[in-house]
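K.L.:
pasted the sequence and its predicted model underneath.
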There are 2 protein chains.
Amino acid sequence: MRVAQADINGLFDKWQLQLRKGVLVYLVLTLLEKEDMYGYALISSLSGKLVAPMPEGTIYPLLNRLVRDELVVFEWQIMDSGPARKYYRITRTGRQMLKRMRKHWNQLNDVFQSEQ
Amino acid sequence: MRVAQADINGLFDKWQLQLRKGVLVYLVLTLLEKEDMYGYALISSLSGKLVAPMPEGTIYPLLNRLVRDELVVFEWQIMDSGPARKYYRITRTGRQMLKRMRKHWNQLNDVFQSEQ
DNA sequence: CGATATACATTGCTTACCGAGGTATATTGG
DNA sequence: CCAATATACCTCGGTAAGCAATGTATATCG
């Protein structure tokens, strides 16, 4: 006899999705600190670092919010071949933000490492 | 002359709030793995580990979701003095979930540590 | 007997992720 | 030459979580 069991895979996926709210901005700023990038390339890079792929419907609105909040600026780059690209560069405010995010993340991490 | 600057404090607070969606469940399960606890005590414990205080409007719905998803169970405990308490205990499924959360968190942490 | 502390609960607002769909530009194979 | 594919950007609507505000009830203390 089989007892009904909670769908732990579904629950975990849902949790991962919730965790992304916050993690993604931190991750994008971390990548942009190292080098200027454009959206489509960020998708590839992020999909490698996260377990699940990074949908376009997530990254483009996210980048627009970063621009709105002046954490990054962008510049159109006309390519010799293919569509033009919007290259994003982190600002001074963006770096300050990143510094504070890093501190907060590490504090949280310390809690988790000490509790487990 | 003063140039208008983005309100980095406000932005950071907003980010922290977003990050909590996901972090809190992980944190609560982590605490419940060590010992059974009731809601009001969790609030004190969590407020110590997080920078900002933990509002009641967050923890009680969260605990109800955990019960709904069978990651924890609860039991009313009548006290000699003061109102009764709902003591929460982590389930086997909850422990499985926690194990997967821990793995995912550590993967993310590895990314952040290597990139910074 | 009013004020305070303990303990749990709910409603409405806000915000972010993402699936689904759309536009446009170049390249490549038949 | 033209259909298919890859690149590169964008938007809309549904869903879900945190939280401020507000409410209930019990016990204690001055």
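P.N.:
The structure has been received and is ready for your questions. Numbers count the residues shown, from 1 in each chain, chains lettered A, B, ... in the order given.
K.L.:
around DNA strand D, pick out the residues from chain A.
P.N.:
Proximity of chain A to DNA strand D (Cβ under 7 Å from any atom of the strand) is limited to residues A:14, A:18, A:38-41, A:56-57, A:60-61, A:63-64, A:79, A:82-86. From N, CA and C alone the C-beta is placed, and that goes for glycine too.
K.L.:
near chain B at all, the strand or helix carrying residue A:114?
P.N.:
According to DSSP states H and E, residue A:114 maps onto helix A:92-115. Yes. Among the residues of helix A:92-115, A:93, A:96-97, A:100-102, A:104-105, A:107-109, A:111-112, A:115 lie within reach of chain B under Cβ under 8 Å from any Cβ of the partner chain.
K.L.:
downstream neighbour of the one helix or strand in chain A whose mean pLDDT sits lowest in the secondary structure list?
P.N.:
Ranking every helix and strand in chain A by mean pLDDT, DSSP states H and E puts helix A:39-49 at the bottom, with a mean of 91. Helices and strands here follow DSSP H and E; after helix A:39-49, the next one along the chain is helix A:56-68.
K.L.:
and that following helix, what does it pack against?
P.N.:
helix A:8-34, helix A:39-49, strand A:72-77, strand A:85-90 (3 or more Cβ pairs under 8 Å, 6 or more residues apart in numbering or on different chains; DSSP states H and E).
K.L.:
buried sites along it?
P.N.:
A:59, A:62-63, A:66 (16 or more other Cβ atoms under 10 Å in any protein chain shown).
K.L.:
what average pLDDT does that helix get?
P.N.:
Mean pLDDT, helix A:56-68: 97.
K.L.:
got the contact list for it?
P.N.:
A:20, A:24-25, A:28-29, A:39, A:42-43, A:46, A:72-74, A:86, A:88, A:94 (Cβ atoms under 8 Å, 6 or more residues apart in numbering or on different chains).
K.L.:
near DNA strand C, which residues of chain A show up?
P.N.:
Residues of chain A lying near DNA strand C (Cβ under 7 Å from any atom of the strand): A:17, A:20-22, A:24-25, A:52, A:54-58, A:61-62, A:65, A:81-83.
K.L.:
just how off-centre is the helix holding residue A:114 within its chain?
P.N.:
Taking the mean of its C-alpha atoms, helix A:92-115 sits 15 Å from the chain's own mean (Cα atoms, centre = their mean, to the nearest Å).
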